[in-house]
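Engineer: following is a predicted model, sequence given first.
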Amino acid sequence: MATAVETLGKLERRITISFPLSDVRSEVEKRLKVQAKSARAPGFRPGKVPMKMVAAQYGYQIETEVLNDKVGRAFNDAANENNLRVAGFPKIEPKQDAPEGQLTFDATFEVYPEVEIGDLSAVEIETVKSNVTDVEIDKTIDILRKQRVHFHTKGEAGEHGDGGEAVAANGDRVTVDFVGKIDDVEFPGGKADDYTFVLGEGRMLPEFEAATVGLKVGEWKTFPLAFPEDYHGKDVAGKTAEFTITLKKLEWAHLPEVDAEFAKSLGVADGDLAKMREDIKVNLEREVAGRVKARNKEAVMDALVKTATLEVPQALIAQDTERLAEMTRQDMAQRGMNVKDVPFPPELFKDKAERRVRLGLILSKLVGDNNLQATPEQVKAQIEDFAQSYEDPREVLKYYYSDRRRLAEVEALVLEENVVTYVLGLSKTSTKEIPFDELMGSAQQG
């Protein structure tokens, strides 16, 4: 039996659940008799254990199960009778002042909010676009060449360099010994032998690279190096050390020529350079399309958050906060990090969780009101699009259609795209063309 629903706040509600203690005892006795048929105890044959011993061993567990079943069923019945959409899980607490012979519980919970979508025709959204030109193709080819670089000893006869007078320059790979001291005392991590790096890549601190440039093999140099205040090594951050480096090996970078062999190394079987450039362009355009779609979707989601009015259930935020923390923990563990004793404070994830929940409620409202659900045809088209960049597209189709969870992820993606298309069709949109490098997030180096 449940009482009327009490309103405690904008979304918070309470239902009082009550039922006879005799009902619980009767159900417990019934389940104990069933348990007794298979109960085991030393000195007794299976099913012949005295009921007192069965009750002592299983009574608490069975009573807890009965209470959970009865309270859960009563709560669900009350929620259905009152047409309540419960958000999250209810908090169940026993009441101490229950009438004699009765068990009474308070179920406190939140309900889903009413979502009001503003006038989308008045919303202004700036979308972006970007083009792939020969400049981007050339930059990509340069990157691919650098990924296939070979190094040769600098200064050898017939090699790049100037004989025995070869000196270290940006782009060269150097092998050095170094030792660093602070107040004339070596510090942990400040010494290495046969340490290799490429000058100009920024792997070392600027002072270290600057001191290496101009050295010949066998030469050494001593120089001061000031560690930044935010240096990752806390023991030396903000301090000045004195380093001595000795150049042991010097190599120059040999980039492959852009020829048929280079094209073949990229998968162009006949080595046709024009086909190689076209393949690179297609891949870049696919990447650009994905980045543009993501940027424009984010612009739409930002607009929806601003124009929609709703209260967000704290229970759903708490659930998503835990989910994000666990996802982060698993990701760090997969990267080989020891996360056993790493704290994951909820406040790190709460803002993101609140936005995710808010958007989920807004999207649900839009989809339901405007029939924007993902159709089977749309889902299949999306998976086929994924499959384009794989050698065997059929395996990609099988991968998604063999697992309902994977398929649900694609459905959610299509649903979001349906919402984006719907909102952009109603709102005041403008398009801004942005440079390729800006869209990619970081400039490609030539």
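Structural biologist: Now that the structure is in, tell me what you want to look at. Just so it is clear, the structure is predicted and the values come from calculations on it, not from any experiment.
Engineer: show me how far the helix or strand that contains residue 127 is from its chain's centre.
Structural biologist: Assigned by DSSP states H and E, residue 127 belongs to strand 124-129. From the chain centre to the centre of strand 124-129 is a distance of 25 Å (C-alpha atoms, centre = their mean, to the nearest Å).
Engineer: show me what residue 16 is bridged to.
Structural biologist: Taking DSSP bridges as the rule, residue 16 bridges to residue 106.
Engineer: picking that back up, quick one: average pLDDT of the strand holding residue 127?
Structural biologist: For strand 124-129, mean pLDDT rounds to 96.
Engineer: how near is residue 111 to residue 308?
Structural biologist: Applying C-beta to C-beta, to the nearest Å, the value for residue 111 to residue 308 is 18 Å. Where you see a C-beta, it was placed from the backbone N, CA and C, and this is true even at glycine.
Engineer: okay, those two: which has more neighbours?
Structural biologist: residue 111 (22 against 19; other C-beta atoms under 10 Å).
Engineer: quick one, phi/psi of the more buried one?
Structural biologist: When read as degrees, to the nearest 10, the backbone of residue 111 gives phi -110, psi 160.
Engineer: give the contact list for it.
Structural biologist: Neighbour list for residue 111: 11, 13, 84, 85, 86, 87, 313 [criterion: C-beta atoms under 8 Å, 6 or more residues apart in numbering].
Engineer: got it, and residue 82?
Structural biologist: residue 5.
Engineer: quick one: residue 235 and residue 185 touch, right?
Structural biologist: No - Residue 235 is beyond contact range of residue 185, at 11.6 Å (criterion: C-beta atoms under 8 Å).
Engineer: ok, those two, which is more surrounded?
Structural biologist: residue 235 (12 against 8).
Engineer: the more buried one: which element?
Structural biologist: Going by DSSP H and E, residue 235 is not in any helix or strand.
Engineer: pLDDT wise, what is residue 164 at?
Structural biologist: Value for residue 164, per-residue pLDDT: 51.
Engineer: do residue 443 as well
Structural biologist: For residue 443, the predicted pLDDT is 38.
Engineer: residues near residue 190, how many?
Structural biologist: Using other C-beta under 10 Å, residue 190 has 19 other residues around it.
Engineer: give the burial count for the closest residue to it other than its chain neighbours, as a bare number.
Structural biologist: Counting by C-beta to C-beta, 6 or more residues apart in numbering, residue 180 is the residue found nearest to residue 190 once chain neighbours are left out, at 3.4 Å. By other C-beta under 10 Å, the residues close to residue 180 number 19.
Engineer: and residue 236, by the same measure?
Structural biologist: Neighbour tally, residue 236, other C-beta under 10 Å: 19.
Engineer: avg pLDDT for the helix or strand harbouring residue 178?
Structural biologist: Element membership for residue 178, per DSSP H and E: strand 173-182. For strand 173-182, the mean pLDDT works out to 95.
Engineer: please, where are all the strands along this protein?
Structural biologist: Per DSSP state E, the chain has strands spanning 6-7, 12-20, 86-94, 102-111, 124-129, 150-153, 173-182, 185-198, 220-226, 240-254, 428-433. These are given in chain order.
Engineer: mind exporting the strand holding residue 127 as CSV, just the C-alpha atoms?
Structural biologist: Backbone C-alpha positions of strand 124-129 (Å, rounded to 0.1, in the frame of the first residue of the first chain) are rendered in CSV as follows:
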residue,chain,number,x,y,z
GLU,A,124,21.6,32.0,-34.7
ILE,A,125,24.2,29.2,-35.4
GLU,A,126,27.5,29.7,-37.1
THR,A,127,28.7,26.6,-39.0
VAL,A,128,32.1,26.0,-40.5
LYS,A,129,33.5,24.6,-43.7
